[in-house]
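Trainee: When you get a sec, could you give me coordinates for this:
(chains A and B)
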Amino acid sequence: MMKQQPGKLGIREYVSITVLMVGSKASEDTPSLLSIQVQNAAWMIPILSAGLFFIPLFLLIKTISLFHEKDLFSVIEKLFGKYIGFFVCLVIFAISSFGISVDSRTYTNIIRAYYFNTTPVLVLYGLFMAVCAYGAKRGIRNVGSVSYLLIFYTLLSLFIALLLCTRESNIQAIMPIWGPGKWEVLKGSLKNLSLYADFFLLTMLVPYLRSSKEFRRGTWIAYIFTIILTSAATIVFVCMFDQSLGGIGYPFHSAIRYISLGSYIPNLEIIFFVIWIMGAFIRFTAFLYISALMFGHLFKIKDFEYLIPPLAAVYLLIGAIPETPIDVSLEWKSIVRMTAGPVFTAISLIIWLAALLKGEFKHAENKNSM
Amino acid sequence: MQKTKIVCEILLIFILVSTLTGCWDREELEDRAYVIGIGLDRSKAKGKIKVTMLLANPEVGSMQGGGGSIEKPREIISFDANDFVTAKVTANAIISRKISYDLLKIMVASEDLARQPLFYNLINDAAYDKEIRMNVFLAVSEEKASKYFLKNRPKMETRPHKYFQYMIDHGIENGLIPDSTLFRFFKTTERGTDLFLTMNTTATRKKDTKMKGEDEYYAGQVNATGEFDDTQFIGSAVFKNGVMIGKLTGQETSIANTLDDTTNISDFLADIPNPFPGKRKSFAIRVMKREHNKVKMDLKGPRPKIFITLPLEFEFKSNPSMVDFSKKKNQAIIKKEIARHFKEQFEGLLKKTQKQYRGAPYPLSFDARKYFGTIQEYERFNWNKSFLKADIYVKPDVEIVDYGSLTKKAGN
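Mentor: This is a model prediction of the structure:
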């Protein structure tokens, strides 16, 4: 009874997971970190970064689709051989693990700063990870269904929140249009390629989708969706907070504490908070599942789902190292940002090059023509 | 096997349910004292401030149809403290419940304190206390804030949170006071290019004030008689870089609010001089703003030029000279008069603040930004300096939507 055939994800579940994972970046400290770098041109970064990251992602997906129903790690091992492949996979796993630890700590910081001020970080963090680990243990199929259930409400609540924010904002705040200068903005978008690094990790899920065609289509749909979402949210926050945006840790949460629905429903934030935190659970549930998948693949562990609770515990311990939220946002996160974007981009390009040099594309063409 | 599994799951649910109490952040309504207003004054002790707290009694007015308690609706305490955040703890020496700023509505600073250079630094503590929401209103009182809260005794609306909410909301709607939330205060001060208007209030009635136009009053000058509360919310205090530097009357405030596209002033009533012969000298009109201002700037020359076009709609609420507005000639006369009057008012205020307070009373600098490609260019232009030399032209775009009912002269 316990050993069910692992179900496959449909395109809508996959898109929901992806949008919740990547789109939730708009609701944490990303907009304000972008604003520290390029001030009022912060809204351009999600668009430009997406444009830059499109090339490696496109090539990666093209390469992966040569190998039928194989995930990222299998492809890497196939192309690079056993030893180099193992090393590359290990690097990806290490970076993503560090990323999860830092990100999950950021979410705990938000919860503690705005909603549970006196509860110790470790208790909140522990509970948060426990819920995510429990969810991930249920398998990706369940994560997919839950995120499909949630996606509508999450987007609706985000939309309403942003709409209410526009009443308090001034569109002229996005002027001067180029912010600190065109070159600075371009540099900033190069530095923030990690905004879309999750798409790279999501290629681990290829075998769990019904077909690789659905995977490709789903990825691009989610890609366009998240660009619009992050950029629109950043525009609203720039217009609302103007030059103070850089100093506000978590603009989404500051904003929902400020807005109100008339004078009779003044303090709305708890409604948005509940929906937001469910989205956050999905994000880390999917993240945990993917990293367990990676770990299982690396060390040839078949029942990798049993790895989820111990992995969650390890991430909890790493995430608990930084002492204050400022350390997390400014130091630890910048490490992830500086490594994840360039490394994943480079790996994608190298995979494509290796496939090209090895003649895999020609091989596939021959196969098709035969 | 099956049974143990079920038992385990039930146990798990129980454990999960116990976390729902909120762990360390469990809050009992019974156990909390909600501060509605904070007053800030200068203290005699060096390096300290005098904090006044206005606490609401949640029991009063919560029961419909009587049967409520006979307790007083509020409690007020004042004491010296280093800042208003740690003052919460000190207050617990007097108040039995745990002090909470969750429902804070208004912060009142005395004029004396607001004019101190360290005022912004002091008020900035609010940004760090997560209990304080950024939509708390900031107000400046003429007298000491501790006295203000004591003297403020609303006759009808005894629950303080409702009193302040209604008082401020309607004041902002009428345009007599600015929408001065902490959020806007911090934002404007951090931008550093414009003046900020804070609502002015007082609970002391001034003696022998002269009768003035409809709203040319400072707080406390509205000369009303009867049985009512002495508190008045009218006019505004002008802040530059977080320090108070002057005051505007109610009328000047409503002009500034009309110019400002970021406030929610919907419409207000005003008097304009009567251009027609007759004994009564003013027309009552309702002023509405159709859409946002159109601002054009010429920032190239040594003296920048600023052209502001205000799309305004008017509705007549009186007709003192019994003019027949079906005649085109009369329509033209009144239209011209309105345009002249409002042009004078708007330009007058902008020139006054430009000369006297060295800044614009609303975020005018936003409109200048679009003429620059990058932040560096904008900073080189230096709005603060350039604005002082600017020539400002205001053109009200008058549209009259309603002349009121057709009237005939009495006796005709």
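
Trainee: For A:L202, which non-adjacent residue is closest in space?
Mentor: Spatial nearest neighbour of A:L202, chain neighbours left out: A:T18 (6.0 Å); criterion: C-beta to C-beta, 6 or more residues apart in numbering or on different chains. Using the backbone N, CA and C atoms, a C-beta is placed for each residue, glycine as well.

Trainee: Who are the packing partners of the one helix or strand that neighbour maps to?
Mentor: Under the criterion of DSSP states H and E, A:T18 resides in helix A:11-23. Other helices and strands packing on helix A:11-23, by 3 or more C-beta pairs under 8 Å, 6 or more residues apart in numbering or on different chains; DSSP states H and E, are helix A:140-166, helix A:197-202, helix A:212-241, helix A:269-298.

Trainee: Give the ranges of residues in the chain that sit below the confidence cut-off.
Mentor: Unless you meant another one, I'm taking chain A. A:1-7, A:263, A:367-370 (pLDDT under 70).

Trainee: try again with chain B
Mentor: Within chain B, the stretches with pLDDT under 70 are B:19-23, B:59-70, B:207-217, B:219-229, B:264-266, B:405-412.

Trainee: one more time with 90, if that's ok
Mentor: Scanning chain B for pLDDT under 90 picks out B:1-6, B:8-37, B:40-106, B:110-136, B:141-197, B:199-412.

Trainee: Figure out how far the longest helix seen in it is from the centre of its chain.
Mentor: In chain B, ranked by residue count with DSSP state H as the criterion, the top helix is helix B:328-352. Here helix B:328-352 shows a centroid-to-chain-centroid distance of 26 Å under the convention C-alpha atoms, centre = their mean, to the nearest Å.

Trainee: Then stretch A:205-212?
Mentor: Put simply, stretch A:205-212 sits 19 Å off its chain's centre (C-alpha atoms, centre = their mean).

Trainee: export that stretch as PDB, just CAs?
Mentor: Provided in PDB are the C-alpha atoms of stretch A:205-212 (Å, rounded to 0.1, in the frame of the first residue of the first chain):
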ATOM      1  CA  LEU A 205      12.300  17.300 -12.400                       C
ATOM      2  CA  VAL A 206      12.200  16.300 -16.100                       C
ATOM      3  CA  PRO A 207      11.600  12.600 -15.400                       C
ATOM      4  CA  TYR A 208       8.700  13.400 -13.200                       C
ATOM      5  CA  LEU A 209       6.700  15.200 -15.900                       C
ATOM      6  CA  ARG A 210       4.500  13.400 -18.300                       C
ATOM      7  CA  SER A 211       6.600  14.300 -21.300                       C
ATOM      8  CA  SER A 212       9.600  16.400 -22.000                       C
END
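
Trainee: Check which residues of that stretch are buried.
Mentor: Neighbour-count burial for stretch A:205-212, with 16 or more other C-beta atoms under 10 Å in any protein chain shown as criterion, is recorded at A:L205, A:V206, A:Y208, A:L209, A:S212.

Trainee: Tabulate those residues (CSV), appending distance to chain B and secondary structure.
Mentor: Converted to CSV, those look like this (distance: C-beta to the nearest C-beta, whole Å; DSSP: H, G, I helix; E, B strand; the rest coil):
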residue, distance to chain B, secondary structure
A:L205, 28, helix
A:V206, 34, helix
A:Y208, 27, helix
A:L209, 31, strand
A:S212, 38, helix
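
Trainee: List the contacts of the residue positioned nearest the centre of chain A.
Mentor: Centroid check for chain A by C-alpha atoms, centre = their mean gives A:V22 as the closest residue, at 3.5 Å. Contacts for A:V22 (C-beta atoms under 8 Å, 6 or more residues apart in numbering or on different chains) come out as A:L195, A:Y196, A:D198, A:F199, A:A222, A:T226, A:T230.

Trainee: And for A:D198?
Mentor: A:D198 makes contact with A:T18, A:M21, A:V22, according to C-beta under 8 Å, 6+ apart.

Trainee: Could you list the residues of chain B in contact with chain A?
Mentor: Residues of chain B found near chain A (C-beta under 8 Å from any C-beta of the partner chain) are B:19, B:22-25, B:130-131, B:133-135, B:165, B:169, B:183, B:186-187, B:190-191, B:261-262, B:264, B:363, B:366-367, B:369-370, B:372-378.

Trainee: try 7 Å
Mentor: Counting by C-beta under 7 Å from any C-beta of the partner chain, the residues of chain B close to chain A are B:19, B:22-25, B:130, B:133-135, B:165, B:169, B:183, B:186-187, B:190-191, B:262, B:366-367, B:369-370, B:372-378.
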